[in-house]
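**Student:** Next comes the sequence, and after it the predicted model I'd like to discuss.
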Amino acid sequence: MSTPRSEKDAPYRWAQWQQSLVSHALLPPDGQQREYTMLRVRPSLRPGFFAVLDLLSARVHFEDRLLRLLEEPARGQTLSDAQAAWTAWQTWTRRLAAYLDRVASGRAGTLPPAPDALTTLLPDLEVLDAESSSSH
């Protein structure tokens, strides 16, 4: 399944996915009504799946607290940076998917460079990883 070319494609793609045989055959109707979905993830993809799941969970928390965060003027730049990183991640992910599809089909491709909005976050992530590793 190819990636959406823009956020505008997402509602259409979601509806298509929810109408797929996998979703209908295995997901109970009440789960479909509440917009749950089903996805089979092969073992080699599970680390990536959990990385995306962590990102989506964090985005839910971000959106749930957004109104409260907007009331704090000092958070304006942080919120702007977070939104820029989110948008950059989506764009880069679509480009990475297109690159992998080209390579898988035997065509030449150019690996998309990581966007600045993401690479500027790397030092913060390295600190978080180090803190997380030391606490285990």
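**Tutor:** Ah, there it is.
**Student:** Name the spans of the protein whose pLDDT lies under the cut-off.
**Tutor:** 1-7, 23, 121-136 (pLDDT under 70).
**Student:** got the domain boundaries for this protein?
**Tutor:** 1-40, 43-71, 76-136 (automatic domain parsing).
**Student:** I'd like these laid out as JSON lines, including mean neighbour count.
**Tutor:** Bear in mind the C-beta positions are built from the backbone N, C-alpha and C, glycine included. Listed next are these as JSON lines, based on neighbours: other Cβ atoms under 10 Å:
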{"stretch": "domain 1-40", "mean neighbour count": "11"}
{"stretch": "domain 43-71", "mean neighbour count": "11"}
{"stretch": "domain 76-136", "mean neighbour count": "12"}
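**Student:** From Lys8, how far off is the residue positioned nearest the centre of the chain?
**Tutor:** For the chain, Val52 is the residue whose C-alpha lies nearest the centre (Cα atoms, centre = their mean; 5.1 Å). In this view, Val52 and Lys8 are 21 Å apart by Cβ to Cβ, to the nearest Å.
**Student:** Grab the longest helix from this structure for me.
**Tutor:** helix 76-104 (DSSP state H).
**Student:** Packing partners of the very next helix or strand once past that one?
**Tutor:** Next along the chain after helix 76-104, taking DSSP states H and E as the criterion, comes helix 116-119. In terms of contacts (3 or more Cβ pairs under 8 Å, 6 or more residues apart in numbering; DSSP states H and E), helix 116-119 is packed against helix 76-104.
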